[in-house]
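> Here is a sequence together with a model predicted from it:
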Amino acid sequence: MARELSYAQMVERSIIKTYRKDIWNPFIEACKNYQLVEDGDRIAVCISGGKDSVLLAMCMKHLQKHSDVRFELRFICMDPGYNDVNRKQIEHNCEILNIPVEMFESDIFDITTNVGGSPCYLCARMRRGHLYAKAKEIGCNKIALGHHLSDVIETTLLGMFYGSQLQAMLPKLNSTNFEGMQLIRPLYCVNEKSIIKWRDYNHLVFIQCACRFVDEYSNSEDGIGVSKRQEIKHLIHELKKVNPDIEHNIFKSIHNVKLDTFVAYKQKGTEHSFLEEFERAE
């Protein structure tokens, strides 16, 4: 007689069965190709309460059970000022999915709400600092975040359209403020549409950012609101109607940069011009 699976086990199983091609294989691809998980690592998986970070937690749990690489996991969640409903939703999801989350508080929402304009960049930087600090406090050498392929693509286009620069999002980074700490993004090759399908397949309910700017987006008539990232999402959606491969092509392009064709570039803070090599070739 087959053993009856718990709900958490069924959700985990759906990652490696139903969504093996779209989630599990790209997850493993990222971990291997970018050397994200190494022997002896102590990784703090950072849970925000959204679909991406919870999927990441489930993937990391499964990897730990079946990988030849030996590593430890801790699951941390920073409460930046969630209301009771959102806080309880996060705790409920972690409970039903058997994720042993460690909650800790900060006052980030109170601080960023008063800065004016869109505080998303400041909020993200402050969140990361708190997560690094907590991870180091509990003896971890890495934090794992839930950024996915769609985030990578959108960040690249945001840099071009609004930052006047070609800048991508790396799959791992060494921290500049926390010595010996590293940030990894194991969902780097997973498309957001696959995560949404996984969420809906398992009837899971997650919070969003839970700040007032998300409310402005949700209530806006154009579906974009004040968020430039939502604007980019909408643009990609429209472009896919003409070119279904556009996401794949943008993602591959950041792996295939022809530096010799650029007029100028910056490396480790130093600016370089094509004229440097041009003059040498004369």
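It's in. Since we're looking at a predicted model, the values are computed, not measured.

> alpha carbons only for contacts and neighbour counts from here, please
Noted.

> Look at residue 66 and report its pLDDT.
You'll see residue 66 listed with a pLDDT of 93.

> any weak-confidence spans in the stretch 151-282 of the chain?
209-226, 281-282 (pLDDT under 70).

> do that again at 80, thanks
208-227, 279-282 (pLDDT under 80).

> A strand includes residue 143, no?
Yes. Assigned with DSSP: H, G, I helix; E, B strand; the rest coil, residue 143 falls within a strand.

> what is it paired to in the beta sheet?
Residue 143 has the following beta-bridge partners by DSSP bridges: residue 44, residue 183.

> so it sits right up against residue 135, yeah?
Yes. Contact criterion Cα atoms under 8 Å: residue 143 and residue 135 qualify, at 6.8 Å.

> quick one: the helices in this protein?
7-16, 25-33, 51-66, 84-96, 108-112, 120-137, 149-163, 192-201, 212-219, 228-240, 246-253, 274-281 (DSSP state H).

> Relative to residue 263, which of those helices is closest?
helix 274-281 (5.1 Å; Cα to Cα).

> Buried residues of that closest one, list them for me.
In terms of neighbour count (16 or more other Cα atoms under 10 Å), helix 274-281 has no buried residues at all.

> which residues are in contact with it?
260, 262-264 (Cα atoms under 8 Å, 6 or more residues apart in numbering).

> Which member of those residues is positioned nearest residue 151?
Closest to residue 151, out of all of the contacts of helix 274-281 and judged by Cα to Cα, is residue 262, at 24.3 Å.

> chain center to the longest strand belonging to the chain: distance?
Longest strand in the chain by number of residues (criterion: DSSP state E): strand 72-79. Distance of strand 72-79 from its chain centroid, counting by Cα atoms, centre = their mean, to the nearest Å, is 15 Å.

> need the helices of the chain in JSON lines with distance to residue 173, can you?
Listed next are the helices of the chain as JSON lines, based on distance: least, Cα to Cα, whole Å:
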{"stretch": "helix 7-16", "distance to residue 173": "26"}
{"stretch": "helix 25-33", "distance to residue 173": "14"}
{"stretch": "helix 51-66", "distance to residue 173": "18"}
{"stretch": "helix 84-96", "distance to residue 173": "27"}
{"stretch": "helix 108-112", "distance to residue 173": "23"}
{"stretch": "helix 120-137", "distance to residue 173": "12"}
{"stretch": "helix 149-163", "distance to residue 173": "14"}
{"stretch": "helix 192-201", "distance to residue 173": "22"}
{"stretch": "helix 212-219", "distance to residue 173": "28"}
{"stretch": "helix 228-240", "distance to residue 173": "22"}
{"stretch": "helix 246-253", "distance to residue 173": "18"}
{"stretch": "helix 274-281", "distance to residue 173": "27"}
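
> and of those helices, who's closest to residue 174?
Of all the helices of the chain, helix 120-137 sits nearest to residue 174, with 11.2 Å by Cα to Cα.

> before we move on, the earlier item: hey, what's in contact with both of residue 143 and residue 135?
Taking Cα under 8 Å, 6+ apart as the criterion, residue 143 and residue 135 both touch 43-44.
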